[in-house]
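Enquirer: sequence plus the predicted model coming up.
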Amino acid sequence: MQPEHALTIIGGGLAGALLATLLAQRGWSVDVFERRGDPRVEGYAGGRSINLALAERGLHALRLAGADSAVLKQAVMMRGRFVHPLQGTPGLQRYGRDDSEVIWSINRGELNLVLLTIAESHGARLHFDHALERVDFDARIACFRHHAGTVSRPFHALIGADGAGSALRAEMAKVQPLGERTEWLDHGYKELEIPPAADGGFRMEPNALHIWPRGHYMCIALPNDERTFTVTLFLPHRGAYPSFETVQTGDDAVALFREQFPDALALIPQLRSHYETNPVGHLGTLRLDRWHLDGRAVLLGDAAHAMVPFHGQGMNCAFEDCVALAERLQDASSLAEAFAAFEAERKPNAEAIQQMALENYIEMRDRVDDADYLLQRALELTLQDRHPGRFIPHYAMVTFMRIPYALALQRSALQRRMLEQATQGRQSLEEVDFTALDRWILRDLPPLAA
Ligand code: FAD
Ligand code: E0Q
């Protein structure tokens with residue numbers, strides 16, 4: 001399509017800011033309306049340092065936008081999961097084979113700032129303090145709350161990058177039902193912080209995602225470039241101890257950490273006050289039957305498919321959406337065709353990573369310190385060497401490759417059956433029957449181009 005028309009993006013968060021660049025690069029005239037103020041003027045609300053894991057899918061999208069080097073400059077490399085069992089020795093489980101297979105911890109606010117600056121440099125017009133309120137899809141007018149008043153703007157087509165609580169989605173649903181349902185997780189989260197050591201350095205191994213698995217709940221910590229860690233405690237909202245219902249005060253939190261996360265307790269001096277001040281976050285999976293309203297509006301990122309965070313892929317998937325939408329807009333002959341093609345391509349893949357993200361919670365909180373889990377991970381690496389391009393560990397397909405999520409899910413399910421059957425009742429790799437396993441792999445796992 002010739003980009004003769006203007007596109008209006010709702011939300012200048014992670015996906016909105018990246019998409020603005022990808023579209024402006026292709027010659028579209030782009031306006032972005034963002035509810036919050038300009039972060040370059042105001043700083044980020046709350047001032048808390050929240051970080052995210054960036055992996056290959058997201059990094060690839062950043063490369064296309066020319067944003068990768070500016071982002072990686074502020075990132076901290078994470079080589080693996082550093083597991084802190086309640087008893088026993090803490091240690092690193094590598095994510096990949098070597099330092100070419102790593103992920104990156106990045107600050108959400110700084111990432112957003114870099115992306116907004118690049119978008120503007122490509123000619124996208126940014127309108128801060130504009131919260132979408134109402135849309136008249138027939139007259140093609142969008143109304144925004146702007147400071148004390150309301151402003152109306154004409155549009156050609158709207159792209160909803162306004163996050164899990166999308167206002168555009170709510171307006172679209174008034175015109176045509178989207179089949180929206182949210183499956184809330186019965187667990188929530190609270191963020192805490194580990195400050196730098198007295199000498200200004202990190203207080204734990206910096207190049208790792210730290211994890212304290214405790215069966216039905218867990219804690220994680222990601223490094224920040226200012227030598228702090230952002231800690232996230234995941235607990236059930238209600239029910240038996242420990243839950244957010246039974247751990248309410250700062251003293252309760254100290255007691256929980258003393259009993260279950262003693263090494264972390266020593267590193268979080270403000271646990272009491274931050275536990276009481278910081279809100280409990282809610283997590284869920286948002287599913288829609290449709291993401292677009294003919295050629296007038298389309299949703300992407302969390303607005304279309306919010307997911308639980310346990311695979312660290314929500315932003316990565318949202319960035320992949322941005323690339324796909326920019327490409328479909330370029331190829332198609334109308335907006336309606338582009339939006340439909342985008343939805344057809346991305347919806348099965350979003351559903352696949354939503355499911356894998358739910359499954360990864362159980363794995364993270366309950367399995368990463370199990371002997372049978374570790375044996376299966378060791379077998380995965382061995383099979384990867386025996387069958388290069390054919391047997392690829394689940395984590396690598398999701399994190400280090402860009403094959404469709406739906407394909408990763410399908411191959412992972414088969415591989416999991418292979419791993420379970422081959423290790424059933426066995427304690428070491430020497431006991432595995434490789435002859436039968438090799439035959440199974442050659443028969444059922446076709447080679448995958450890299
Ligand atoms: P958002 O980043 O939410 O952006 C939406 C934007 O729209 C915001 O700027 C908002 O102000 C604006 N907006 C909202 N309403 C309006 C309105 N009415 N009008 C105008 N603007 C509006 N993902 C990863 O890839 N790796 C991780 O490690 C990771 N960890 C996570 C940990 C937690 C605890 C959580 C909750 C999520 C995590 N995620 C992670 C997921 C990731 O945060 C989201 O998938 C990602 O932010 C989605 O980007 P988005 O642009 O769609 O939405
Ligand atoms: C990653 C990186 C919030 C969060 C973010 C993540 C991950 C996890 C556990 C969590 C998954 C993993 N993971 O280590 O398997 O890879 O982003 Cl809880």
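Expert: Yes, it's here. Ligands and ions are numbered 1, 2, ... in the order given.

Enquirer: quick check: phi and psi at Pro154.
Expert: Backbone torsions for Pro154, taken as degrees, to the nearest 10, come to phi -70, psi 150.

Enquirer: how many neighbours does it have?
Expert: A count of neighbours around Pro154, defined by other CB atoms under 10 Å, yields 11. The way it works is simple: take the backbone N, C-alpha and C, and place the C-beta from them, glycine included.

Enquirer: who touches it in this structure?
Expert: Applying CB atoms under 8 Å, 6 or more residues apart in numbering, we find Pro154 in contact with 140-142.

Enquirer: list the contacts of His60.
Expert: By CB under 8 Å, 6+ apart, the residues touching His60 are 319-320, 323, 402.

Enquirer: just those residues: which are in helices?
Expert: 319-320, 323 (DSSP state H).

Enquirer: take these and write them to CSV, including neighbour count and distance to ligand 2.
Expert: Listed next are the ones in helices among the contacts of His60 as CSV, based on neighbours: other CB atoms under 10 Å; distance: CB to the nearest ligand atom, whole Å:
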residue, neighbour count, distance to ligand 2
Phe319, 30, 14
Glu320, 25, 15
Val323, 18, 20
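
Enquirer: from the contacts of His60, pick the one nearest Ala6.
Expert: Within the contacts of His60, the smallest distance to Ala6 is 20.5 Å, found for Val323 (CB to CB).

Enquirer: just to check, that closest one is in contact with Leu22?
Expert: Yes. In this structure, Val323 is within contact of Leu22 by CB atoms under 8 Å, at 6.5 Å.

Enquirer: show me the contacts for Pro309.
Expert: Contacts here follow CB under 8 Å, 6+ apart; on that basis Pro309 touches 283, 357.

Enquirer: pretty sure it sits in a helix.
Expert: No. Read with DSSP: H, G, I helix; E, B strand; the rest coil, Pro309 is coil and lies in no helix.

Enquirer: and it, how far from Ala297?
Expert: For Pro309, the distance to Ala297 (CB to CB, to the nearest Å) stands at 27 Å.

Enquirer: next one: Pro447
Expert: For Pro447, the distance to Ala297 - CB to CB - is 41 Å.

Enquirer: quick one, which of the two is more surrounded?
Expert: More crowded of Pro447 and Ala297, by other CB under 10 Å: Ala297, with 27 against 11.

Enquirer: need the per-residue pLDDT for the more buried one.
Expert: Here the pLDDT value assigned to Ala297 is 98.

Enquirer: for the protein, what's the longest strand?
Expert: Taking DSSP state E as the criterion, the chain has its longest strand at strand 181-194.

Enquirer: can you give me the buried ones in it?
Expert: Residues of strand 181-194 classed as buried by neighbour count (16 or more other CB atoms under 10 Å): 185, 187-194.

Enquirer: equivalent analysis for stretch 27-39, please.
Expert: 28-36, 39.

Enquirer: burial measure for the residue of the stretch 101-250 of the chain found nearest ligand 2, as a count.
Expert: The stretch 101-250 of the chain approaches ligand 2 most closely through Ile220 (4.7 Å), counting by CB to the nearest ligand atom. Neighbour count for Ile220, taken as other CB under 10 Å: 25.

Enquirer: the helix or strand hosting it pairs with which strands, parallel or anti?
Expert: Under the criterion DSSP states H and E, the helix or strand holding Ile220 is strand 218-223. Here strand 218-223 is paired, per DSSP bridges, with strand 209-213 (antiparallel), strand 229-236 (antiparallel).

Enquirer: contacts for it?
Expert: Against strand 218-223 from outside (CB under 8 Å, 6+ apart): 51-53, 76, 78, 105, 194, 202, 204, 206-212, 229-234, 261, 264, 364-365.

Enquirer: which of the contacts of His60 lies closest to Ala336?
Expert: Val323 (20.3 Å).

Enquirer: grab the nearest non-local neighbour of whichever residue of the stretch 1-150 of the chain sits closest to ligand 1.
Expert: Relative to ligand 1, the nearest point of the stretch 1-150 of the chain is Gly13 (2.1 Å; CB to the nearest ligand atom). Excluding the flanking residues, the one nearest Gly13 by CB to CB, 6 or more residues apart in numbering is Gly163, at 5.9 Å.

Enquirer: kindly report the same for Leu116.
Expert: Using CB to CB, 6+ apart, the closest residue to Leu116 is Ala17 (4.8 Å).

Enquirer: what sits against the one you found?
Expert: Ala17 sits next to 32, 112, 115-116, 118-119 when contact means CB under 8 Å, 6+ apart.

Enquirer: which of the helices and strands in this structure ranks last by mean pLDDT?
Expert: Lowest by mean pLDDT, DSSP states H and E among the helices and strands of the chain is helix 39-42, with a mean of 85.

Enquirer: show me what that one is packed against.
Expert: Applying 3 or more CB pairs under 8 Å, 6 or more residues apart in numbering; DSSP states H and E, we find helix 39-42 packed against helix 108-121.

Enquirer: and Leu429, how many neighbours?
Expert: Leu429 has 14 neighbours, counted by other CB under 10 Å.

Enquirer: test my guess that it contacts Leu379.
Expert: Yes. Proximity of Leu429 to Leu379 meets the contact threshold set by CB under 8 Å, at 6.2 Å.
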